[in-house]
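>>> Quick one, structure for this:
(5 chains, ligands or ions: 4)
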Amino acid sequence: ASHGECGRVTVANMNWASAEVLANIDNVILTEGYGCDVELVPGDTMPTLTSMMEKGEPDVAPEAWINAVREPLDKAVEEGRLVYAAESLSDGGVEGWWIPKYIADANPDIKTIDDALARPDLFPAPEDASKGAVYNCPSGWNCQITTANFFRAHDAEEKGFVLVDSGSAAGLDGSIANAYGKEEGWLGYYWAPTAILGNYPMTLLGFNAEFDKDAWDSCIVDAECPDPEKNAWPKSEVYTVVTDDFAKRAGPAIDYLKSRAWSNETVNSLLAWKDKNQATGEDTAYYFLENREDIWGKWVSPEVAEKIKAAL
Amino acid sequence: MAEQHTGIGISIKNLYKIFGSNPEAYIDAVKGGMTKTELNEKHNHVLGLKDINIDMPGGSIQVVMGLSGSGKSTLIRHINRLIDPTAGEVIVGDEDVVKMNETELREFRRHRTAMVFQKFALLPHRTVLENTVYGLEIQGVPREEQEKHARRWISRVGLDGFEDNYPNQLSGGMQQRVGLARALTNDAPILLMDEAFSALDPLIRMDMQSVLLDLQKEIRKTVVFITHDLDEALRLGDRIAILRDGEVVQQGTKQEIVLRPADEYISSFVREVNRGRVISVDMVMTPLSGEPQGMPIRSGTVLEVSAKKMTDSNASFAHVTDADGKPIGALDIQEVISAMVTPVDHETAA
Amino acid sequence: MAEQHTGIGISIKNLYKIFGSNPEAYIDAVKGGMTKTELNEKHNHVLGLKDINIDMPGGSIQVVMGLSGSGKSTLIRHINRLIDPTAGEVIVGDEDVVKMNETELREFRRHRTAMVFQKFALLPHRTVLENTVYGLEIQGVPREEQEKHARRWISRVGLDGFEDNYPNQLSGGMQQRVGLARALTNDAPILLMDEAFSALDPLIRMDMQSVLLDLQKEIRKTVVFITHDLDEALRLGDRIAILRDGEVVQQGTKQEIVLRPADEYISSFVREVNRGRVISVDMVMTPLSGEPQGMPIRSGTVLEVSAKKMTDSNASFAHVTDADGKPIGALDIQEVISAMVTPVDHETAA
Amino acid sequence: MEWLTEFPDLGTSTLRNIRLTVDGAFRDFTRAYGESIELLFEPVKWFLINSENFMTDMPWPLILGIVAVLVWIASRSWKITLSSVVVLIVIGLFGMWEDTMKTIAMTFVATVLAIIFGIPIGIGMSRSNRVQSVVNPILDIMQTMPSFVYLIPVIMLFGIGKVPGLIAVIIYAIPPIIRLTNLGIRLVDKDVLEAADAFGSSSWQRLKNVQMPLALPTIMAGINQTIMMALAMVVVASMVGVQGLGQQVLRAINNQYFTLGVLNGLAIVGVAIIFDRASQAYGQRLQRHTEVVHG
Amino acid sequence: MEWLTEFPDLGTSTLRNIRLTVDGAFRDFTRAYGESIELLFEPVKWFLINSENFMTDMPWPLILGIVAVLVWIASRSWKITLSSVVVLIVIGLFGMWEDTMKTIAMTFVATVLAIIFGIPIGIGMSRSNRVQSVVNPILDIMQTMPSFVYLIPVIMLFGIGKVPGLIAVIIYAIPPIIRLTNLGIRLVDKDVLEAADAFGSSSWQRLKNVQMPLALPTIMAGINQTIMMALAMVVVASMVGVQGLGQQVLRAINNQYFTLGVLNGLAIVGVAIIFDRASQAYGQRLQRHTEVVHG
Ligand SMILES: Nc1ncnc2c1ncn2[C@@H]1O[C@H](COP(=O)(O)OP(=O)(O)OP(=O)(O)O)[C@@H](O)[C@H]1O
Ligand SMILES: Nc1ncnc2c1ncn2[C@@H]1O[C@H](COP(=O)(O)OP(=O)(O)OP(=O)(O)O)[C@@H](O)[C@H]1O
Ligand SMILES: [Mg+2]
Ligand SMILES: [Mg+2]
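Residues are numbered from 1 along each chain as shown, chains lettered A, B, ... in the order given. Ligands and ions are numbered 1, 2, ... in the order given. Here you go, the predicted model:
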């Protein structure tokens, strides 16, 4: 592909670890492999997606957690403003309620949400130690509603728990770090793959129910659902989102974006490396490209792969 | 002194000023005769000026005197409309200052008036020189010329060497002189001087009085001069107006005021004057009856001097002569001395 | 007047004050004789006071005079240490103010001194009453008593009815009187008055002078009084000190100053005084030679009065008697009149 | 020529090592002392929780009444009192009552604390150039250091919730009141101070009788800015788990709910204006002398 | 009794409908007029991009030189100039040179614009109580409305990037300078103003010769706060696509890199202090008369 074909591409560089790494990988591959003129645009999830929907800029959001922003995103796809490219995390993100590994090890009988909810004493609430706490997902994310509904479905309140708002991802992370610091219990919503889980090993709790899509769509995602039932989290979809406009003009580059996918396991190991070294997204991208051709080799044609290897 | 008035005349007509939140509401009551005290106690408004009518001929020095709080500063501020009157007219030249619009007023203040403030009102962030040029700077005079004039006046008021000091580095009297230099540098035909010499020692004060009188000899300005010093008033003033509680109680030439005070208030006011040096023989001479007796004394000689002359030559009588030496009146040493002595009883100073 | 000094004496010794960024550096040069001009031009420091030595007996009124900028305000500020001297001592009672620590100084200022400022320095956010009670409030006197004293003095300075006005609603002279009331309410044994009457008209000024003199009759305070008005100085002052360029050029009783001015500067200073009302016959009488002639005149009578008495009775001679009627000196009308006339030549006022 | 456009830094690995060491040390520190530090803040937490409970449990007409009375006491102005009540009613009608109460509880406590601590610090600064030159850079840091940088360690110490929220709000809101108190006092007319000294005012009397009253317009500007800053931090506070309007704003932002965001934003503005107008009117009452103008 | 603790709001469905309608209308508006509005801001964008390019492309010794010269011109103080250079060198050594240059470019433009627009607005406010009572609530909104509430619509109009960043920074940073200019001018001594009037000053001369110089200490406090606010917004700006130190801070936050956050935060503080000290020293030079104290 020549320069003319691909042209200028703006790639959203969102500020959580895995997205950052992926954006940097795209940067290298699109530049070296497809001759694009890539610019990384920093930004938070919502400003970035809003801009993509309304202004068609940036062109690519490498890693969008659909659940968190489902409503506006679905609408934009419907209106033909955005297109889903590859499901970048092929085996999907894992969402659910987690407890620290040391608690799980010390209390082997806690395996499911209900088991944990039986022990409010293990998970003291920050502002009322007589109660247990379930840390909710950050404000405004979809998971805030689903977690709240899970909370109600499991009658957690009657079992002596309160639902604690975490406010933001940083807040949620902080609460985990805090619990670890004190070796205290922590119970709440989290997701994988993430850097945090590398730093603070956590155990995912079982759901006490199978995933029921109808109940999910009709009730669990509705903040005002009167009587939620127990359910399980579905696999969380993580897609690469591109603007419609870019999909149309990108040429071969769009094929790359449609096939680029990796697994939880890959991401986890990469993030562990990144965290251990406090590396930047760029460092990690190069580390990945240098060491894991087995994975990225499949995303591009052999000629392109050669070009990239030559540039490393 | 001369009657040749060439400057711009000021004529104040039926001027009223009421201080307070709603002065218009009480103007009629005041015109109807409500007193200052009544207005203050009943309506919480202060009667600043009441029915002021003063004609100041162009080129003369009009002195305004009166008790503290009688409205002198308020009056002088009306002439350049720093205060808007509640009612009345202030005719300067042939324009009514009260009716001027903003631009006219600005031009009027720039080119027609200059003011010395009772509380100096220097610009604290400007040096003496920068304060002094202020009026000319505002007028857009070239910088060089500004400084030329300013330095001349700074030197004239005795502040050589302090050009680059800030006001808060100066003594009170020096600050007052900066205010004076600032007003004089402006070279306006009307000078408004609100207790302009009050913080000065007698020597510099005399000197400043001379500055003013010399100035009057060269260019005839119209000067409105507020002072509490009767000697100063008599030395400078062509005409004197005396205020009390916002009203004019007497106005006229200085001799009229000293010799024929309109009421007890004014006579107590002029009691302290050094009469021997103010009153001339013309005021005490009796008409010539028969031949002129004793030594001749020139008309206009002050009592002090003629008393000395007469006692020196041991004469009980003398006669007053006009410029040509023609006798015009008779003098008696007893009359002279008693006119010199303060009329009312006073303690003998220790 | 009486020599019975009961108040707290003030004695200023070798006081120097240099203004500038590094005064200590030049103190020796100044002691060595460097002049004010030299210091200013070469080193950009201002010599405020130079080697001041004044003894003010307790209970007397010490007047300080001098040209504008000669250091009067600077000097008075040293007495309550609003300005720290560069060198020297200020002994009040038997304590050196310069050596006091913060607490002592505060107590000293609270209970020993009260001050009237040249520029009034009223607290703009407080009403007249609140300004006046300030000193007592600071001392922790009960509110009722504060107000009682304050109202008495407010009324005494003629501001009845203005208790609840803010300073910016008052005329300049009224503001000055608030400052006066504030100092008097404090009832301290030392009164520091920096041109305390400068903004007052003659009537109120006389009245305020009487207030001060009456006060001295009851309780003997030590008063340091700066004024530019020689008449006032002579009326009030027991002793007068005259400053020039930061130095004391003459000090002594008022008669000494008026009759025996130390130099040209001082004589020009006292020239303008109304001598007839200041100088008493005692100053001009000649020793009795032979029998007392003419009418008797009481010792202490001022010239003006005795001249009137003598001319009224047509007498060329008189004799001065002491309190018991014993003759102590001879008077000649010619001497009396010529002592009344200002000694130097002066223009005849128009 | 790359060294010309690329600043020669310490090198990636050195920097990385520095970071790793410091991070590790800090983490160890929080683990070791976290609990004891947390204990220190227990009373604050208790106070915050109770004031929030008070605001949310109280029947709304009572709250309206209390607000009206407080605003009246401060401002003595019917206009301000009435508009405060109207603003609250409108907020309630739009379904933001509960969140608003939580926000008021939090920011009220923070603002009051900021003023209570800020004014004395400002006074201290105005007294001594030394203190000023020490405090100034600290204030610079407090205002420009991004709050999350210090919030992360704070969260590690305290967990999420009201305490880190309060800390963030106070750190951010306190500098204006400190700076403007300092400035106001330093600008007080020297002549007037001299008069106060001459009567033997102790430094406290001088402060109370002269400096504070005359510095008041500037100090009130500081209080205004402190209130504005405190309410500007509502969203940040909600990011670390403080409930209230900020949370709704976050929800709105994350879902592109334009109107919801604006409504909640306006509610925050409304609270700010109530706080501000009441306090400014109070300040105005304290400086009646400025109403009188010559001429 | 629920109606007592639950404020009787308009009802969920009404509120939802209101929100949906407004949201829809707004979206339509931006889609219709977005481009033309965007065109308006092209020059600003151009200017921003160029100043950033200038800062990043320029060899670093030259930048150091330029900064030193500018700081020197403003402050005329070796101490301040030298410390500015040292701060920048330390920032460079810690590998934050490029991000810092980007941040400086952005906040410099924003601060300068805020001052250029803020001072005239403040002057206008000081002239008329009417203007003041209109502008004040607008300033309240600008300071307390959470930035994202207006940023989302701005992004709809402009897309993410420098322009919304600049808008956010200016909106947030301009109120202090406006308010304090207004306050400063209103506090100028009436006597001195009267003197200026008596000599026939036009209102511009009166402003230039008297009001501004005497209001300067307060205006400088406003400039200080404006600088602080502008740099406090660096992180928010980076959330909407402005590159620089803010981005690193966000990264640090999201990865719990304590040291990285602190370092970048300190770099922001460093920039703030350079801006502030230089401008304050400049202000100080303009008011030499205050250095002279009686006694
Ligand atoms: N802070 C200062 N810095 C520099 N010079 C000063 C300062 N204060 C006073 N001076 C100088 O000290 C000298 C004496 O001032 P002072 O105020 O004592 O005069 P004064 O005798 O009270 O005069 P006036 O009669 O005009 O009030 C003046 O030359 C003045 O310029
Ligand atoms: N702004 C104001 N508000 C209310 N009253 C005022 C105001 N300005 C002046 N006055 C009153 O007007 C009267 C006259 O004041 P003015 O300043 O003209 O007196 P003055 O004759 O200049 O006195 P002085 O000799 O003391 O300067 C006073 O009673 C004063 O209280
Ligand atoms: Mg007056
Ligand atoms: Mg003086």
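>>> count of residues packed around residue 37?
Answering for chain A, as no chain was given. 12 (other CB atoms under 10 Å in any protein chain shown). The C-beta positions use only the backbone N, C-alpha and C, and glycine is treated the same way.
>>> The intended chain is chain B.
Residue neighbour count, defined by other CB under 10 Å, stands at 11 for B:T37.
>>> what's the helix or strand for it?
Applying DSSP states H and E as the criterion places B:T37 in helix B:36-43.
>>> tell me which element the one residue in chain B that gets nearest to ligand 3 is part of?
For chain B, the residue closest to ligand 3 is B:S73, as judged by CB to the ion, at 3.1 Å. When elements are assigned from DSSP H and E, B:S73 belongs to helix B:72-79.
>>> chain center to that helix, what's the gap?
Using CA atoms, centre = their mean, to the nearest Å, we find the averaged C-alpha position of helix B:72-79 to lie 12 Å away from the chain's own average C-alpha position.
>>> Counting by contacts, list what it packs against.
For helix B:72-79, the contact count by 3 or more CB pairs under 8 Å, 6 or more residues apart in numbering or on different chains; DSSP states H and E identifies strand B:10-19, strand B:46-56, strand B:61-66, strand B:87-92, strand B:190-194, strand B:222-226 as packing neighbours.
>>> returning to that earlier point: okay, buried residues for the helix holding B:T37 please.
Along helix B:36-43, the positions that meet the burial threshold by neighbour count (16 or more other CB atoms under 10 Å in any protein chain shown) are B:K36, B:L39, B:N40, B:H43.
>>> Quick check: which ranges of chain D have low pLDDT?
Within chain D, the stretches falling below the threshold (pLDDT under 70) are D:1-4, D:289-295.
>>> Pick out the residue nearest the middle of it.
The structure's chain D has its C-alpha centroid closest to D:A173; by CA atoms, centre = their mean the separation is 3.0 Å.
>>> circling back to that earlier point, please report the distance of the residue of chain B closest to ligand 3 from B:G48.
Distance check for B:S73 against B:G48: by CB to CB, to the nearest Å, it reads 9 Å.
>>> out of those two, which sits in the more crowded spot?
Under the neighbour definition other CB under 10 Å, B:S73 and B:G48 were set side by side, and B:G48 has more, 29 against 22.
>>> which residues does the nearest residue to the more buried one once chain neighbours are set aside form a beta bridge with?
If you skip the residues right next to it in sequence, B:G48 has B:K17 as its closest partner in space, 3.9 Å away by CB to CB, 6 or more residues apart in numbering or on different chains. Under DSSP bridges, the beta-bridge partners of B:K17 are B:L49.
>>> Is it correct that B:K17 is in contact with B:T86?
Yes: here B:K17 lies in contact with B:T86, judged by CB atoms under 8 Å, at a distance of 5.3 Å.
>>> what number of residues lie near residue 19?
No chain in the question, so chain A it is. Here the neighbour count serves as a burial measure; for A:A19 (other CB under 10 Å) it reads 23.
>>> I was after chain D.
The number of residues packed around D:R19, counting by other CB under 10 Å, is 21.
>>> could you say which helix or strand contains it?
Once you assign secondary structure using DSSP H and E, D:R19 falls within helix D:12-40.
>>> Can you pull up the residues of the stretch 1-150 of chain B that come close to ligand 2?
The stretch 1-150 of chain B has residues B:F19, B:V46, B:G48, B:G66, B:S68, B:G69, B:S70, B:G71, B:K72, B:S73, B:T74, B:Q118 near ligand 2, with proximity defined as CB under 6 Å from any ligand atom.
>>> how about the helix holding D:R19 against chain E, any contact?
Yes: counting by CB under 8 Å from any CB of the partner chain, chain E is contacted by helix D:12-40 at D:T12, D:L15, D:I18, D:R19, D:L20, D:V22, D:D23, D:F26, D:R27.
>>> Pick out whichever of the residues you listed sits closest to chain A.
Top of the list for closeness to chain A, among those and by CB to the nearest CB, is D:R19 at 5.0 Å.
>>> give the contact list for that closest one.
For D:R19, the contacting residues are A:Q278, E:Y257, E:T259, E:L260, E:L263, taking CB atoms under 8 Å, 6 or more residues apart in numbering or on different chains as the criterion.
>>> Looking at those residues, which are in helices?
When the contacts of D:R19 are checked against helices (DSSP state H), the matches are E:T259, E:L260, E:L263.
>>> what helix or strand does the closest residue to D:L139 other than its chain neighbours sit in?
Nearest in space to D:L139, with sequence neighbours left out and distances taken as CB to CB, 6+ apart, is D:P175 at 4.2 Å. Secondary-structure assignment from DSSP H and E places D:P175 in helix D:162-186.
>>> Just want the angle from that helix to helix D:12-40.
Here helix D:162-186 runs at an angle of 90 degrees relative to helix D:12-40 (axes from the mean of the first three to the mean of the last three CA atoms, to 10 degrees).
>>> Which helix or strand lies directly C-terminal to helix D:162-186?
Moving toward the C-terminus from helix D:162-186, the next helix or strand (DSSP H and E) is helix D:190-198.
>>> Buried residues in the helix or strand following that following helix, which are they?
Scanning forward in sequence from helix D:190-198, with DSSP H and E defining helices and strands, the next element found is helix D:203-206. Buried residues in helix D:203-206, defined by neighbour count with 16+ other CB under 10 Å: D:Q205, D:R206.
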